[in-house]
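Novice: no letters, just coordinates:
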């Protein structure tokens with residue numbers, strides 16, 4: 001079964017092993033890259049341990065896949081302008 005979710009609490013519930021958790025991240029060219037947390041290699045060497053706090057490490061950006069909204073003010077301004085135009 002494959003599912004996608006945005007609830008990081010699932011990562012901390014000890015329901016999934018690290019080889020069952022995959023992260024997506026857009027590269028500089030806009031292509032999406034997919035990789036398992038089990039394949040993550042920390043800068044200190046080795047691999048992610050089984051007992052790592054996956055949820056906290058993900059939130060801290062350790063595995064990548066952190067959403068980047070860019071300039072939020074520009075986004076909100078464009079959204080507001082589009083809403084005004086449709087009225």
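Specialist: Happy to help now that I have it. Computed from a predicted structure; not experimentally measured.
Novice: from now on I want contacts and neighbour counts done on CA atoms only, so please keep to that.
Specialist: OK.
Novice: identify the spatial nearest neighbour of the spatially most central residue of the chain, chain neighbours not counted.
Specialist: Centrality entry for the chain: nearest residue to the mean C-alpha point is residue 65, 3.2 Å, by C-alpha atoms, centre = their mean. Nearest residue to residue 65, sequence neighbours excluded (C-alpha to C-alpha, 6 or more residues apart in numbering): residue 25, at 4.5 Å.
Novice: am I right that the one you found sits in a strand?
Specialist: Yes - counting by DSSP: H, G, I helix; E, B strand; the rest coil, residue 25 is part of a strand.
Novice: which residues touch it?
Specialist: The contact partners of residue 25, by C-alpha atoms under 8 Å, 6 or more residues apart in numbering, come to 32, 33, 34, 64, 65, 66.
Novice: right, and the fifth one touches residue 22 too?
Specialist: This points to residue 65. No - contact criterion C-alpha atoms under 8 Å: residue 65 and residue 22 do not qualify, at 9.6 Å.
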